[in-house]
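Student: generate a structure from the sequence data that follows.
(one chain, ligands or ions: 4)
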Amino acid sequence: MTRPSDTVATTVATGTCCSCGLCAAACRCGAISFATDGGSMVPVIDESACVHCGRCLAICPGANLASPPEAEPSPEELLGNVLESYSGWSTDEATLTRAVSGGVVTQLVAELLASGKYDSAFLVTNATEGMDGTQPTTQRVSPEDDLTRTQKSRYLQVSHEPTLRYLLSNPKEHVIIVGVPCALSGIVSAIDAFRLSRDNYLLIGLFCDRTMTSNVLRYFERFAPGGRLSGVDFRTKEASGWPGDLRIYGNAGAFTDLPARKRMEVKGYFQPECCLYCLDKLNRCADITVGDDYVHGTQINDGKGACSILVRTEAGMTALAATDDIALIPSDARDIAHSQHIENRLVNWHNARVLEGSHDVSRRDVRTRNSALKSIDIGKAYPEHPELLERELRRTSSPASKMRRRIKRVVGKVLGKLRPKR
Ligand SMILES: Cc1cc2nc3c(=O)[nH]c(=O)nc-3n(C[C@H](O)[C@H](O)[C@H](O)COP(=O)(O)OP(=O)(O)OC[C@H]3O[C@@H](n4cnc5c(N)ncnc54)[C@H](O)[C@@H]3O)c2cc1C
Ligand code: SF4
Ligand code: SF4
Ligand code: SF4
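Tutor: Ligands and ions are numbered 1, 2, ... in the order given. Sure thing, here's the model as predicted:
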């Protein structure tokens, strides 16, 4: 019988698995496979093969989500270490046009691979992979590969299992790894646990305001021309520029463009539960963190989109300095954090404390967590029970409901200002 306390069965049981896939790569006994549950891939442990070494749990980023810090994190803690901060964009027109924001990630990876400083990178393709409900996985690209197929953000859960398997069997290779905060924190734990050399890796982090389960694709399918989904651009700048519309591909390359609102309004339903407890929006363990530049918005780079960039380590500084085709202007790190509303993560700290069951939570905190969980349950049931989501969407998009949310936001801001600082 598996003892939940020394395997990732614990993470699954607490609802904090982020489907990063790292545990399967870390398990030397081949005891971990994945099954789909509510649109997410979750680990299943073969009890006859498990030797209870505890390695999977030691590197599991989901396990940390259930252990929040005792004290409410300060804005500085939420921001993390920063050496330099910029607004930047690729000066290569094609890369910038295809990118969701400034194309910095793709430009950086392309130049570092071409220079020979890194042997390969693990990225995610924007092709049709995952449209059948399976989870997208990271893929290795080398200097000769075309990066057009790996551009754009996939707001889906991504498995980094191939990345870690590769690092473990090629420990000398210099590799660039791109990922959201939970995935990169798991990679850092694995580098540590398996005594790999941290110097061999450049970690490019993405800011992250939640991801979504594959059930969102079933929902998008209803908008696909011909009724069959063949691909999704979660954001494209082609029709109306940055920050971009949602593009749904159907039969024979035909597509429909929908306003970004269509993606935003279902985010709360299709987010996995782990995102309710996550404090790290700005990818604090990366060498360089990149997100959309909401400090300047469309006021910069002719409205084509730019990236906010936080350089966190010497390796990050060296990597950025080695590029020729990224335009940079200074941007204050605190302004970047403010533009990303990182203070909203304090709600997650309260959620995690409720989950942990360790503190005297107010009734209001419990209710916040329960209403969010209710939405997630609707998203998990989506393909089988579309009527639940339709009812909720009708209810939450009514003018009265919008007004209630606006009032709640204003009151929340005022109360936030009145709250004593620690
Ligand atoms: C789930 C998610 C949530 C995000 N939330 C925010 C946010 O709240 N605020 C914000 O400012 N920015 C957010 N971003 C980052 C933003 O969408 C852009 O990725 C970032 O600004 C880099 O833009 P770029 O133009 O340089 O990217 P591009 O040059 O288009 O390159 C994007 C790179 O990211 C890789 N990639 C795409 N999706 C994933 C994924 N799921 N996991 C790992 N790698 C991936 C691609 O392979 C590619 O290499 C989020 C990204 C993701 C994936
Ligand atoms: S968070 Fe990642 S490592 Fe942890 S159980 Fe889930 S898939 Fe495995
Ligand atoms: S405890 Fe060890 S053997 Fe068991 S599933 Fe985890 S890594 Fe594999
Ligand atoms: S919000 Fe946190 S837990 Fe959710 S996908 Fe992003 S980094 Fe992972």
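Student: make it CA atoms for all contacts and neighbour counts henceforth
Tutor: OK.
Student: what's the least confident helix or strand in the chain by mean pLDDT packed up against?
Tutor: Taking mean pLDDT, DSSP states H and E as the measure, the helix or strand of the chain with the lowest value is helix 399-418, at a mean of 72. Using 3 or more CA pairs under 8 Å, 6 or more residues apart in numbering; DSSP states H and E as the contact test, no helix or strand touches helix 399-418.
Student: which stretches of the stretch 251-400 of the chain form strands?
Tutor: 255-258, 288-292, 307-311, 326-330 (DSSP state E, counting those that start in this stretch).
Student: quick one: closest of those strands to Leu57.
Tutor: Proximity to Leu57 (CA to CA) singles out strand 288-292 among the strands of the stretch 251-400 of the chain, at 25.8 Å.
Student: quick one: that closest one near ligand 1?
Tutor: Yes: using CA under 6 Å from any ligand atom, we find that strand 288-292 touches ligand 1 at Val290, Gly291, Asp292.
Student: quick one: contacts for the first one?
Tutor: Under the criterion of CA atoms under 8 Å, 6 or more residues apart in numbering, the contact list for Val290 reads Val104, Val105, Ile204, Gly205, Leu206, Phe207, Cys307, Ser308, Ile309, Leu310.
Student: same question, the last one
Tutor: For Asp292, the contacting residues are Ser101, Gly102, Gly305, Ala306, Cys307, Ser308, by CA under 8 Å, 6+ apart.
Student: one more time with 7 Å, if that's ok
Tutor: Contact analysis of Asp292 by CA atoms under 7 Å, 6 or more residues apart in numbering lists Ser101, Ala306, Cys307, Ser308.
Student: please verify my assumption that the second one contacts Ser101.
Tutor: Yep, that's Ala306 we're talking about. Yes: look at Ala306 against Ser101 with CA atoms under 7 Å: they come within range, at 5.2 Å.
Student: these two: which has the busier surroundings?
Tutor: Ala306 (34 against 30; other CA atoms under 10 Å).
Student: can you pull the phi/psi pair for that one?
Tutor: Torsion angles at Ala306 (phi, psi; degrees, to the nearest 10) stand at phi -140, psi 170.
Student: out of the contacts of Asp292, which touch ligand 1?
Tutor: Ser101, Cys307.
Student: next, format the strands of the stretch 251-400 of the chain as CSV and append mean pLDDT and distance to Ile407.
Tutor: Formatted as CSV, those follow (pLDDT from 0 to 100; distance: least, CA to CA, whole Å):
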stretch, mean pLDDT, distance to Ile407
strand 255-258, 96, 27
strand 288-292, 98, 27
strand 307-311, 98, 30
strand 326-330, 98, 35
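Student: turn the ones you listed into CSV, columns for distance to Cys23.
Tutor: Shown next, in CSV, are these (distance: least, CA to CA, whole Å):
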stretch, distance to Cys23
strand 255-258, 37
strand 288-292, 24
strand 307-311, 28
strand 326-330, 36
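Student: among those strands, which is nearest ligand 3?
Tutor: Counting by CA to the nearest ligand atom, ligand 3 lies closest to strand 288-292 out of the strands of the stretch 251-400 of the chain; the figure is 29.7 Å.
Student: partner strands of that closest one, parallel or antiparallel?
Tutor: strand 201-206 (parallel), strand 307-311 (antiparallel) (DSSP bridges).
Student: does it reach ligand 4?
Tutor: No: for strand 288-292, no contact with ligand 4 is found by CA under 6 Å from any ligand atom; the gap never falls below 12.3 Å.
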